[in-house]
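Chemist: Sequence first, predicted coordinates after that:
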Amino acid sequence: MASVWLTGLALVLAGPVPALLARARWTRAVPRAAIVLWQAVAVAAVLAAVGSALAAPEALLRVLTHPQDRTGVPLVIAVGVAALLASLIVVRLLGVLVLLAVRTRVRRARHRDMVDLLARAEQNLAVGSLRSGTVLRVLDGAVPFAYCVPGRVGREGRVVVTGATLDTLCPDELSAVIAHEQAHLAARHDLVREGFTALHQAFPVVVRSREARDAVALLLEMLADDAGRRTHGDTAMAGALDAFASSGASVDANDEVLMRRDRIRAHVRGGRALAVGTYLAAVALVVVPTVTIVIPWLGEALPVVGVR
Ligand SMILES: [Zn+2]
């Protein structure tokens, strides 16, 4: 029975739950708690998938054999198949994660070298000093935009802006944008994003994590916007987003930036109760299935394989 519950749970956490959560608007008020909830959904989905792989062969053994026959070769086959299925999931996920991490770091190192090479040194000084651990790079460019490139462990990350950004934004808006990018670097938002990208690549069909990946990416932007709001005010952060949107290149990206701007102008800030409720839901997602399904199943399954 545990394998049926765990399979059902894995499917629900892979399909309907991400679809609902991606459409929810309340998450915009509490982006940090919402990201933790997304992480809990992902962890619970993977644990449920691994758990159902472990429990299914034992469930089949119960259905197909009498209690006295659940020893010897059938038991060895059931345990072997369970271990194989579960390790396939884990190895696939870890393999994708490691490959993605290596490729991302190689690409990022090249990117850092490139912006260091192309940066206009005289304009770096015009912006003033940045928080330690980050370096500003100003590139030639007629379109205002900003992004960051994380550094290697213990090395400086880069905050990259175009010359048009310096020309278009007022000093407060520019400072808010830099605070936004520094928040990405300081809180290692790239690692959160990498985890969801890996999940998306590892389970393209079964776990529909495209929604998860995109929703988490947007929530991370909102979290960084909130850092800019805290240090330089709502007007500066919203003004900067307005400037980016009105000169942006892609319609989709513009819609997202305008939505973030409107969120700030509507003064959306999360209530403490909503944040606490979201954190509790995240904990419950991982703990409740473990206590109600996995522990009772272990109580029945371990004696079958001779563990008491
Ligand atoms: Zn950002």
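Modeler: It's in.

Chemist: Can you show me the helices along the stretch 51-200 of the chain?
Modeler: Applying DSSP state H, counting those that start in this stretch to the stretch 51-200 of the chain gives helices spanning 72-118, 121-124, 163-168, 171-186, 189-202.

Chemist: May I have stretch 213-229 as CSV, with CA atoms only?
Modeler: Extracted in CSV, the C-alpha atoms of stretch 213-229 (Å, rounded to 0.1, in the frame of the first residue of the first chain):
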residue,chain,number,x,y,z
ARG,A,213,12.1,26.5,-12.5
ASP,A,214,10.4,29.5,-14.1
ALA,A,215,8.3,30.4,-11.0
VAL,A,216,11.4,30.1,-8.7
ALA,A,217,13.4,32.3,-11.1
LEU,A,218,10.7,35.0,-10.9
LEU,A,219,10.5,34.7,-7.1
LEU,A,220,14.3,35.1,-6.9
GLU,A,221,14.0,38.3,-8.9
MET,A,222,11.3,39.6,-6.5
LEU,A,223,13.5,38.7,-3.5
ALA,A,224,16.4,40.7,-5.0
ASP,A,225,14.0,43.6,-5.8
ASP,A,226,13.0,43.6,-2.1
ALA,A,227,16.7,44.0,-1.2
GLY,A,228,16.9,47.0,-3.5
ARG,A,229,13.6,48.4,-1.9
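
Chemist: from the chain's centre, how far out does that stretch sit?
Modeler: With CA atoms, centre = their mean, to the nearest Å as the basis, stretch 213-229 stands 11 Å off its chain's centre.

Chemist: what does it contact?
Modeler: Identification of contacts with stretch 213-229 by CB atoms under 8 Å, 6 or more residues apart in numbering yields 18, 21-22, 27-28, 31-32, 34-35, 38, 176-177, 179-184, 187, 189, 192-193, 196-197, 199-200, 236-237, 240-241, 256, 260, 263-264, 269. The C-beta positions use only the backbone N, C-alpha and C, and glycine is treated the same way.

Chemist: Equivalent analysis for stretch 22-39, please.
Modeler: 21, 192, 195-196, 211-212, 214-216, 219-220, 222-223, 226, 263, 268-271, 274-276, 278-279, 281-282, 285.

Chemist: wait, does that stretch contact the ion?
Modeler: No - Stretch 22-39 stays clear of the ion (CB under 5 Å from the ion), getting no nearer than 11.9 Å.

Chemist: Buried residues, that stretch. List them.
Modeler: In terms of neighbour count (16 or more other CB atoms under 10 Å), stretch 22-39 has its buried residues at 22, 27-39.

Chemist: Ends of that stretch, what's the gap?
Modeler: Stretch 22-39 stretches 13 Å from its first residue to its last (CA to CA, to the nearest Å).

Chemist: That one - what's its average pLDDT?
Modeler: Stretch 22-39 carries an average pLDDT of 95.

Chemist: hang on, the earlier thing: can I get the buried residues of stretch 22-39 in CSV with secondary structure?
Modeler: As requested, these are exported to CSV (DSSP: H, G, I helix; E, B strand; the rest coil):
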residue, secondary structure
Ala22, helix
Thr27, helix
Arg28, helix
Ala29, helix
Val30, coil
Pro31, helix
Arg32, helix
Ala33, helix
Ala34, helix
Ile35, helix
Val36, helix
Leu37, helix
Trp38, helix
Gln39, helix
